[in-house]
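> compute the structure for the input listed below.
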Amino acid sequence: MSINLTLSVKKPVSAFFDCIRYASKKTGGSTRNTNCKVRPKHRGWKVQDGHFVQAGHILATQLKTRFHPGLNVGLGRNGTLFAMEAGKVVVTCEKFDPHWEHNWVQRNYAGRENQNILKKYFNVIPEPQHQRFKLIDEI
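Below is the predicted model:
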């Protein structure tokens, strides 16, 4: 009888007592560039040449000064170009004549002393005012 009792005793089943060995290394895949979920900033031209804009409309966004403010265009602190008046957008490519004795100019434009340096300027040409009023009498 004692033999049967020892055979019928069962071991307690628990997650603590079961030992499962897993792989010590992950399989496949690269560990480089793990945080690739950066959203694009969509910098660049926002309004094309010849379009009509209102005052305060953003014309271009940029990190470095790729585009320069021209007539009736403002430059924001982060390099954004915006219209200061309502009108037609005109993008021009103009010759730039830097002051060659300046230290910053020598650093950035070294070796281009005898070349034409062109820069893109955003301009806003305001609409001409209407000529509906007549001067009747001068005071």
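> shaky segments in this structure?
Counting by pLDDT under 70, the chain shows low-confidence ranges at 1-18, 25-34, 139.
> what about the strands in it?
All strands of the chain, identified by DSSP state E, fall at 44-45, 52-53, 58-61, 67-69, 73-75, 81-83, 87-96, 117-126.
> okay, and the beta partners of the closest residue to residue 75 other than its chain neighbours?
The shortest distance from residue 75 to any non-neighbouring residue, by Cβ to Cβ, 6 or more residues apart in numbering, is to residue 69 (4.6 Å). C-beta: built from backbone N, CA, C; applies to glycine. Residues in a beta bridge with residue 69, per DSSP bridges, are residue 122.
> just give me the neighbour total for the closest residue to residue 106 other than its chain neighbours.
Once flanking residues are discounted, residue 106 sits nearest to residue 100: 7.0 Å by Cβ to Cβ, 6+ apart. By other Cβ atoms under 10 Å, the residues close to residue 100 number 10.
> pretty sure residue 100 contacts residue 114?
No - judged on Cβ atoms under 8 Å, residue 100 makes no contact with residue 114 at a distance of 10.8 Å.
> got the contact list for the residue nearest to residue 106?
Contacts for residue 100 (Cβ atoms under 8 Å, 6 or more residues apart in numbering) come out as 106, 109, 113.
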